[in-house]
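# task: produce atomic coordinates for the following.
(one chain, ligands or ions: 1)
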Amino acid sequence: MTQPVIEMSAVGKRFGKLTALDEVSLTLGEGEVLGLMGHNGAGKSTSMKLILGLIRPTRGTLKVFGHDPGGAAANDLRLRLGYLPENVQFYEQLSGFEVLDYFARLKRIGTGVVKPLLERVGLGHAMHRRVKTYSKGMRQRLGLAQALIGEPRLMLLDEPTVGLDPMATRDFYGMVDELRGRGVSVILCSHVLPGVERHIDRAAILGQGRMLASGSIDELRQAADLPLVVRLRTARAPERLAESLRPHGVLARQSGEGRLELEVPVRAKMAVLRELAADPETADLALEPPTLESLYAHFDGTIRDRAAAEPAPATAIDAQQGVSA
Ligand SMILES: Nc1ncnc2c1ncn2[C@@H]1O[C@H](COP(=O)(O)OP(=O)(O)OP(=O)(O)O)[C@@H](O)[C@H]1O
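Numbering: from 1, shown residues only. From the prediction side, this is the model:
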C-alpha cells in the first residue's frame, strides 16, 4: 500500500483555553478527494493550517507525505502543497499576470508557468487587467491558479466555490476531477457544498472540534440509516396507500394531486419497491437516497427546514382520517 498523503492521529489543537480540535483522526490517500465539512468554528481551517504546517498540534501526531509539516521538512513540503484560502485577497494594483508571477517566484518557479495557468482557469483574456477590476469569481479563479502553481500533489481548497456562478462552479469541479485523475489529493473545505458528492471520494464532518463522521457517501448513508425518499405518481387514494405501507414503517405525504412523497426505512426498501411496482395504479416512481446535505444535517444534529426549501408544502396523510393539511 502506498503511504498516505495525510495521516492525522488523535490530533488536538488548543488556542489558550479554547479547544479547536479534539482527538481528530484522518487519513487521505493519493488521488483521493475529501470533503471536509462542518459549521462555523467547527475546526476546518484549523485542520488546514495544521496540514500546511502554519500551526502545530497540541496533541497527537500529524504526517504529511510522511513528514511533520511544521518540522525540518516544512519548506520542501510546501512546494508539494497548493492552498486556496477562504476570502482570498491579492494586490489590487497588480494585474492577474503580475500576481501569479509573484507567487510563482515565491515558489522559485519560472514565469513560463503563469500564462498557461491563467488560461487553464479561464483568465487568459483578462491576465493583463488589474485585479481591482476582477469580479469575485475571477478573483476566485486567480486564487485557484495560485494554488496550482508548481503542480502540487496535495491541494487544500477552503470554500472554493463561494462567489462562483453555476458555470464557473461546474468548471471548478471539472478541474477537481482532472486533478484526481492525475493522482493529486484534494481537500475541499466547506459548510456544505451542494452538488459536491459526485466529485469527492470521502466526506469528513467536523462539529465543535470533533470528528462526527467520516467515510464514503455510501458508508455515511449506512451509518446514518436515514430513510430513502420515494417520489410517487399514483392514481390510488393516498390514505389507502399510506395504510398499506404503514406496516413497513413508511411515512407518506401528499406533495400534489396524485403525487406522494414516501419516507422509506432502508430495511424496507425492496419490499416497498416491489409492492409499488406491482400496483397497477403506480404511474411513476423515483428513488432518492439521502443527499450529502441531509447526511450532514443528520450528523451535525441540526434540523433542516426542508419545507422552506420546497415550493409547495407537503401534506401529511393520516390513514385513519384521510388527507390532512
Ligand atoms: N488563532 C486563533 N486563536 C484563537 N482561537 C482560534 C484561532 N483560530 C481559530 N480559533 C478558534 O478555533 C475554533 C475553530 O476555528 P476554525 O477557524 O478552524 O473553524 P472553521 O471550521 O474553519 O470555521 P468557519 O467555517 O467559520 O471558517 C473557533 O472557535 C475559532 O474561534
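
# residues in this protein within reach of the ligand, list them.
Contacts of the chain with the ligand, taken as C-beta under 6 Å from any ligand atom, map to 15, 18, 20, 38, 40-46. Where you see a C-beta, it was placed from the backbone N, CA and C, and this is true even at glycine.

# go again using 5 Å as the cut-off
Applying C-beta under 5 Å from any ligand atom, we find that the chain lies next to the ligand at 15, 20, 38, 40-46.

# what's next to stretch 281-290, contact-wise?
If you take C-beta atoms under 8 Å, 6 or more residues apart in numbering as the criterion, stretch 281-290 is touched by 221, 224, 226-236, 258, 273, 276-277, 298.

# err, stretch 109-124, not the other one
Here stretch 109-124 has contacts from 96-97, 100-101, 104-105, 127, 138, 141-142, 144-145, 148-150, 168, 171, 175, using C-beta under 8 Å, 6+ apart.

# which among those residues end up buried?
By neighbour count, with 16 or more other C-beta atoms under 10 Å, the contacts of stretch 109-124 hold 96-97, 100-101, 104, 127, 138, 141-142, 144-145, 148-150, 168, 171, 175 as buried.

# got the residue ranges for the strands in the stretch 51-200 of the chain?
With strands called from DSSP state E, counting those that start in this stretch, the stretch 51-200 of the chain shows them at 59-64, 81-84, 154-158, 185-190.

# need the ones you listed in JSON lines (columns: mean neighbour count and mean pLDDT).
Formatted as JSON lines, the strands of the stretch 51-200 of the chain follow (neighbours: other C-beta atoms under 10 Å; pLDDT from 0 to 100):
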{"stretch": "strand 59-64", "mean neighbour count": "18", "mean pLDDT": "96"}
{"stretch": "strand 81-84", "mean neighbour count": "22", "mean pLDDT": "93"}
{"stretch": "strand 154-158", "mean neighbour count": "23", "mean pLDDT": "94"}
{"stretch": "strand 185-190", "mean neighbour count": "24", "mean pLDDT": "92"}
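
# next, format those strands as CSV and append distance to L212.
What follows is the strands of the stretch 51-200 of the chain, written out as CSV (distance: least, C-beta to C-beta, whole Å):
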stretch, distance to L212
strand 59-64, 17
strand 81-84, 24
strand 154-158, 19
strand 185-190, 15
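
# hey, which helix is longest across this structure?
Assignment by DSSP state H gives helix 166-181 as the longest helix of the chain.

# and the angle for that helix with strand 154-158?
Helix 166-181 and strand 154-158 are oriented at 150 degrees to each other (axes from the mean of the first three to the mean of the last three C-alpha atoms, to 10 degrees).

# got the buried residues for helix 166-181?
Counting neighbours by 16+ other C-beta under 10 Å, one finds that the buried residues in helix 166-181 are 168-169, 171-173, 175-176, 179-180.

# can you list the residues that contact it?
Helix 166-181 has contacts (C-beta under 8 Å, 6+ apart) with 31-33, 120-122, 137, 140-141, 144, 155, 160-161, 164, 186, 188, 195-196, 198-199, 201.

# tell me the centre residue of this protein?
Geometric centre of the chain, nearest residue: G35, 4.0 Å, by C-alpha atoms, centre = their mean.

# mind checking how far that one is from L179?
14 Å (C-beta to C-beta, to the nearest Å).

# on that earlier part again, please flag which of the contacts of stretch 281-290 sit within strands.
Using DSSP state E, the members of those that fall within strands are 228-234.

# list the contacts of H67.
H67 sits next to 73, 76-77 when contact means C-beta under 8 Å, 6+ apart.

# let's verify Q3: helix, strand, or coil?
coil (DSSP: H, G, I helix; E, B strand; the rest coil).

# same question, R14
The three-state label given to R14 by three-state DSSP is strand.

# ok so, going back, among the residues of the chain next to the ligand, name the ones in strands.
Using DSSP E, the members of the residues of the chain next to the ligand that fall within strands are 15, 20, 38.

# correct me, but the last one touches H191?
Same thing as G38. Yes. Look at G38 against H191 with C-beta atoms under 8 Å: they come within range, at 7.3 Å.

# per-residue confidence for the residue lying closest to G38 once chain neighbours are set aside?
In space, and not counting its chain neighbours, G38 is closest to L206: 3.5 Å by C-beta to C-beta, 6 or more residues apart in numbering. For L206, the pLDDT comes out at 92.

# can you list the strands that the helix or strand hosting L206 pairs with?
Under the criterion DSSP states H and E, the helix or strand holding L206 is strand 202-207. As defined by DSSP bridges, the strand partners of strand 202-207 come to strand 33-38 (parallel), strand 210-215 (antiparallel).

# out of the ones you listed, which is the most enclosed?
Per residue and on average, the most neighbours among the strands paired with strand 202-207 fall to strand 33-38, with a mean of 25 (mean count of other C-beta atoms under 10 Å).

# could you list the low-pLDDT ranges of the stretch 201-325 of the chain?
Scanning the stretch 201-325 of the chain for pLDDT under 70 picks out 302-325.

# which parts of it are helices?
Using DSSP state H, counting those that start in this stretch, the helices of the stretch 201-325 of the chain run over 217-224, 238-245, 269-278, 292-300, 306-309.
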